[in-house]
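>>> Kindly return the folded structure for what I paste below:
(2 chains)
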Amino acid sequence: MQPVSAAELPAFSTSRFRAEREADWIAFDLLLTRLERKGAAALTSDELLQLPILYRATLSSLSIARATSLDKALLGHLEALSIRGYFLVYGVRETRASRLRRFFRYDWPAAVRAVWKETLIIALVIVLGALTSYALVASNPEWYYNFVPEEMSGGRDPHATVDYLRSTLGHGKAAAGEQSSGLHVFATYLFTHNSQVSILSFALGFAFGVPTMMLEYYQGIGLGAMLALFSGKGLGVDFGGWLFIHGTTELFAAALSGAAGLRIGAAVVFPGARGRLEAAADAGRTAGKVMIGVILMLLVAGVLEGFGRQLITDTMLRYAIGTVMLLFWLAYYYIPRREDVA
Amino acid sequence: MTAAAHAKLRSAQARKVREFVTPEGVDLQLRIASSGLRLGALVVDFVIINLALLLFTLLMVWIGFAVKGGVAEVVWMLGAFVLRTFWFIGFELGSRAATPGKRMMGIRVVARDGGRLTADAVVARNLIRELELFLPLMMLGVGAAEDMVSGWTLLAGVIWSLTLSLFLLFNRDRMRMGDLIAGTWVVMAERAKLDSDIAAEAEAGAIRFTDAELAVYGIYELQELERILRARDPRAMREVADTIRTKIGRPVAEEDDVFLLSYYRQLKGRLERALLFGKRREDKYASD
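Okay, the predicted model is just below:
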């Protein structure tokens, strides 16, 4: 056979293919750039209708180019454009406002309801921690030093006088003057600190939930030791009020963060019928929703602790507020309601 | 490079590609972002966050002198907390699903199952980051603060926490702990500019190559040649042109760029025609 030069053969031209379709790609690129910068509001309804058409045209070009073209620049551009287009066309489905509304109405309580077993377990762990240290400190006050580090106790130890202890609860003279000026600073500090601890207790969950439970147990221990100290001096009821006003919200949030972590740990250990990765991803999403809720709850607790507790010194009123908050959270989370239809 | 080395290179690249089929039935072939890019993105984000924090602190100090009562202090604490916790979450919830650092590196977060990247997944993957980044530091801090911890215990603790932080090096999808738990991937999402079609222009007085002269190369060599032609570096062009001339036994008779462009066009035409008949010749070692 006579060798034929390549240039003499009739060419299927990928250049012609490109010339025909290039206008669509450029239009799609421009549309995407505007969508990324300014959101869907910047596009007219005509342009919005154009979007899926251009997207499909680009995908079809990509398929053809992969089968016929060897131009790497062209292939690379079409691939990048299709990927960008896919995530924009299939990514945005609702406005931020409606997403927010759905979170508060359905997603948040539903996620908390979903981890009820874990919440109970963590609550039991905290109570167990509190009981342990309470029993130990009540029988021998020296134990107190093992449970509460010195820098945290701030002089609240078995050797303190009843008057001093009472003053730390916001009764009597010592408390009022110097503290009220720094209330909001104190509240903010408590919020950021507690959030960080909660995030940690959540994040530690994937190690089969063991570190989470230890952290929560430790929280219970500090609580029980303090309780034993104050009730030993006949201040148990007052201390309860001091704790209750924000404690119902804060401890609830702590329990939920632990529960979210435990959920992940449990999913990794017992994935059930699904694959381990899939189970972990599922649990992670539920836990993620719970954690947004936890941070919001801690914000409320921080406000109650920083302001409410320092300004309201009547023990009964403190109990009342704490109870109302607890009932509010319980009702919000656990009262059955119609499921999300969207 | 030998044929085996070529095959190895190609399979290494293929191992980073993940099938990702759109509802239209097109496989987008996402590429997993390398750990180096991930680290680069993190470093960029950290630098920006800390710069922002520094400016914010200076602003708050300045306001703090003007306004009494600790307002500045509160705003500073809240601001720092929000910046640190929500920097990643906020940006990854946006339509590009990438922090400024990730954008700079050309990578983004996607849901592993091909669905929508949901807010809870973004929150979960970023809250775990707290742990991955700060646990090793905390281990060091606690260890240093408490003398009773021996050096070996400290070392064990740091190594244990590092295995969590460096988790992404130990799996082929380059998933962090957070990615694992949120069901996400970080993939390449660079923007590729549409470069001009160098095979398009009409050929006037082009050199004709025979089929035998074109049959020596495959797709890999064609695309390397395309890269050289687009980069327009005269030294590289000379080297490549000389290699091709020696290989096909042509004397040096034309300018390098004219020679290379003609060769590129005709080689591309030949290989694309074979492609239409279902023959894909990956490189020069494959049979024609």
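
>>> Not counting its neighbours along the chain, what's nearest residue 126?
Just so you know, I chose chain A. Nearest-residue entry for A:I126: A:G220, 4.0 Å, with adjacent residues in sequence omitted and distances by Cβ to Cβ, 6 or more residues apart in numbering or on different chains. For every residue, glycine as well, the C-beta is placed using N, CA and C.

>>> not what I meant, chain B
The shortest distance from B:N126 to any non-neighbouring residue, by Cβ to Cβ, 6+ apart, is to B:F88 (4.4 Å).

>>> Could you name the specific helix or strand carrying that neighbour?
Assessed by DSSP states H and E, B:F88 sits inside helix B:71-93.

>>> which non-adjacent residue is nearest the residue of the stretch 151-288 of chain B found nearest chain A?
Nearest residue of the stretch 151-288 of chain B to chain A: B:G183, at 2.8 Å (Cβ to the nearest Cβ). Nearest non-adjacent residue to B:G183, counting by Cβ to Cβ, 6+ apart: A:A281, 2.8 Å away.

>>> Let me see the mean pLDDT of the following helix or strand past the helix holding B:F88.
Toward the C-terminus, helix B:71-93 is succeeded by helix B:100-105 as the next helix or strand (DSSP H and E). For helix B:100-105, mean pLDDT is 93.

>>> who touches the helix or strand hosting B:V109?
Per DSSP H and E: B:V109 is located in strand B:107-111. Defining contact as Cβ atoms under 8 Å, 6 or more residues apart in numbering or on different chains, one finds that strand B:107-111 is touched by A:87, B:20, B:30, B:33, B:37-38, B:41, B:92, B:96-98, B:102, B:117-118, B:121-122, B:125, B:183-189.

>>> Low-confidence stretches in the stretch 101-250 of chain A?
A:149-156, A:168-187 (pLDDT under 70).

>>> and with 90 instead?
Along the stretch 101-250 of chain A, the model assigns pLDDT under 90 to residues A:101-108, A:110-111, A:114, A:126, A:129-130, A:132-250.

>>> In contact with the residue in it that chain B sits nearest to, which residues?
Nearest residue of the stretch 101-250 of chain A to chain B, counting by Cβ to the nearest Cβ: A:A203, 3.5 Å away. For A:A203, the contacting residues are A:G261, B:L127, B:I128, B:E130, B:L131, by Cβ under 8 Å, 6+ apart.

>>> run the last query once more with 6 Å
Shown in contact with A:A203 (Cβ atoms under 6 Å, 6 or more residues apart in numbering or on different chains): B:L127, B:I128, B:E130, B:L131.

>>> check which helix or strand covers it.
According to DSSP H and E, A:A203 maps onto helix A:183-203.

>>> for the residue lying closest to B:V258 once chain neighbours are set aside, phi and psi?
Of all residues not flanking B:V258 in the chain, B:I207 sits nearest, at 7.4 Å (Cβ to Cβ, 6+ apart). Dihedral pair for B:I207: phi -80, psi 140, per degrees, to the nearest 10.

>>> With A:T313 instead?
Note on A:T313: backbone dihedrals following degrees, to the nearest 10 are phi -110, psi -10.

>>> Would you mind measuring from it to A:G241?
9 Å (Cβ to Cβ, to the nearest Å).

>>> Show me which of these two is the more surrounded one.
Using other Cβ atoms under 10 Å in any protein chain shown as the criterion, A:T313 and A:G241 rank with A:G241 on top: 25 against 17.

>>> Just want the angle from the strand or helix carrying that one to helix A:183-203.
Assignment of secondary structure by DSSP H and E places A:G241 within helix A:236-269. Relative orientation of helix A:236-269 and helix A:183-203, computed by axes from the mean of the first three to the mean of the last three Cα atoms, to 10 degrees: 30 degrees.

>>> Next, the buried residues of helix A:236-269.
A:238-268 (16 or more other Cβ atoms under 10 Å in any protein chain shown).

>>> Can you tell me which helices and strands it packs against?
Contacts defined by 3 or more Cβ pairs under 6 Å, 6 or more residues apart in numbering or on different chains; DSSP states H and E place helix A:236-269 against helix A:116-139, helix A:183-203, helix A:210-232, helix A:276-303, helix A:315-334.

>>> List the contacts of B:L155.
Not one residue lies near B:L155 by Cβ under 6 Å, 6+ apart.

>>> what's the helix or strand for it?
Using DSSP H and E, B:L155 maps to helix B:151-165.

>>> Restricting to C-alpha, output the next helix or strand after that helix in PDB.
Per DSSP H and E, the first helix or strand lying C-terminal to helix B:151-165 is helix B:177-182. Below are the C-alpha coordinates for helix B:177-182, written out as PDB (Å, rounded to 0.1, in the frame of the first residue of the first chain):
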ATOM      1  CA  MET B 177     -10.800  12.500  60.600                       C
ATOM      2  CA  GLY B 178     -13.300  15.200  59.900                       C
ATOM      3  CA  ASP B 179     -13.800  14.200  56.300                       C
ATOM      4  CA  LEU B 180     -14.300  10.700  57.400                       C
ATOM      5  CA  ILE B 181     -17.000  11.600  59.900                       C
ATOM      6  CA  ALA B 182     -18.700  14.200  57.700                       C
END
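
>>> So what's the gap between helix B:177-182 and the chain middle?
19 Å (Cα atoms, centre = their mean, to the nearest Å).

>>> So which elements touch the helix or strand just after that helix?
Using DSSP H and E, the helix or strand that follows helix B:177-182 in sequence is strand B:184-188. For strand B:184-188, the elements it packs on are strand B:107-111, judged by 3+ Cβ pairs under 6 Å, 6+ apart.

>>> tell me the contacts of the residue of the stretch 151-288 of chain B closest to chain A?
With contact set as Cβ under 6 Å, 6+ apart, B:G183 has these partners: A:A281, B:R112, B:A121.

>>> Stretch A:65-84: how far from the chain's middle?
Per Cα atoms, centre = their mean, the centroid offset for stretch A:65-84 relative to its chain is 39 Å.

>>> got the contact list for B:E213?
When contacts are counted by Cβ under 6 Å, 6+ apart, B:E213 is found next to B:I248.

>>> Now name the helix or strand holding it.
Assigned by DSSP H and E, B:E213 belongs to helix B:211-214.

>>> tell me what the helix or strand following that helix is packed against?
Per DSSP H and E, the first helix or strand lying C-terminal to helix B:211-214 is helix B:219-231. On a contact count with 3+ Cβ pairs under 6 Å, 6+ apart, helix B:219-231 meets helix B:256-276.

>>> can you tell me the average pLDDT over the helix it packs on?
Averaged over helix B:256-276, pLDDT sits at 88.
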